[in-house]
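Engineer: give me coordinates for this.
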Amino acid sequence: MRRTKSDDDSNPSTQTSDVYKRVIDTVTLLVIVAGLYFAWDQAKEFNAGQNLSNWSDVSARTYEIDKVFVENPEFRQYFLDGVDITPDNKDYPKAASIAELLLDYLDSFTALLDYNHGLISNGILQEEAWKHYFNESFTKSPLLCRRLIADPLNYGQQLRQTGIPLCEKAFPALNQHQP
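Structural biologist: Predicted coordinates for the structure are as follows:
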């Protein structure tokens, strides 16, 4: 004998089976949603840890720059006091090397900020202090600006877009792209 739909509806075993199926489907959905939430939370925690690691690297580079100026205080004038140095000065090779180191530092830092925009808290970054340091670097060092303008493709787009206009405003004579 063939069963009809009305026969299935009246069968308690089929109704119980449907209830179990719905409960299992609902529990499965809840487990999937919970799993997705925990995966998202772990990814967020991993990202925060990675950002702190990146920040730690930048801090180490900051200390490296500071160490250069502690060990060579006579070169601070070329980077912090607006004093220029010419290629015929005996200290020029070392000053130019320090300029390259400082530009590499500023470039890596701006790349990190661009990559992690909005992910590094202001408590860690101190954005106002960083912007001041960045601006001062380019408005108080003709040598730093000269190196950036002479070899702009050695540095990232963010550093070029921000640093070169600061240099050109602070040192208009550099607009002729002197070596």
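
Engineer: distance between the helix with the most length in the chain and the chain's centre?
Structural biologist: Secondary structure of the chain read by DSSP state H shows that its longest helix is helix 12-71. Counting by Cα atoms, centre = their mean, to the nearest Å, helix 12-71 is centred 20 Å from the centre of its parent chain.

Engineer: and that helix, what other elements does it pack with?
Structural biologist: For helix 12-71, the helices and strands in contact under the criterion 3 or more Cβ pairs under 8 Å, 6 or more residues apart in numbering; DSSP states H and E are helix 92-115, helix 122-125. Placement of C-beta: from N, CA and C, glycine included.

Engineer: helices or strands up against the helix or strand just after it?
Structural biologist: Scanning the chain past helix 12-71 towards its C-terminal end, the next helix or strand to appear is helix 77-80 (assignment: DSSP states H and E). With contacts defined as 3+ Cβ pairs under 8 Å, 6+ apart, helix 77-80 has these neighbours: helix 92-115, helix 142-150.

Engineer: return the most buried member of those helices.
Structural biologist: Mean neighbour count, computed with mean count of other Cβ atoms under 10 Å, is highest for helix 142-150 among the helices and strands packed on helix 77-80, reaching a mean of 22.

Engineer: can you name the next helix or strand after that one?
Structural biologist: Scanning forward in sequence from helix 142-150, with DSSP H and E defining helices and strands, the next element found is helix 157-170.

Engineer: residues in contact with stretch 95-109?
Structural biologist: Contact partners of stretch 95-109, identified using Cβ atoms under 8 Å, 6 or more residues apart in numbering, comprise 58, 61-62, 64-65, 68, 72, 75, 78-79, 85, 89, 130, 134, 137, 141, 143-144, 146-148, 154-156, 159, 163.

Engineer: again, only this time at 7 Å
Structural biologist: Outside stretch 95-109, the residues that touch it by Cβ atoms under 7 Å, 6 or more residues apart in numbering are 58, 61, 65, 68, 75, 78-79, 85, 134, 137, 143-144, 147-148, 155-156, 159.

Engineer: tell me how far that stretch lies from the chain's centre.
Structural biologist: Here the centre of stretch 95-109 is set off from its chain's centre by 17 Å, with Cα atoms, centre = their mean.

Engineer: what is the rounded mean pLDDT of it?
Structural biologist: Looking at stretch 95-109 alone, the average pLDDT works out to 93.

Engineer: which regions of this structure sit below the pLDDT cut-off?
Structural biologist: Low-confidence segments of the chain, defined by pLDDT under 70, are located at 1-13, 45-55, 114-125, 175-179.

Engineer: tell me which residue is most central in it.
Structural biologist: The geometric centre of the chain, computed from its C-alpha atoms, lies nearest to residue 112 (Cα atoms, centre = their mean), at 2.1 Å.

Engineer: that's all I had, so thanks and see you.
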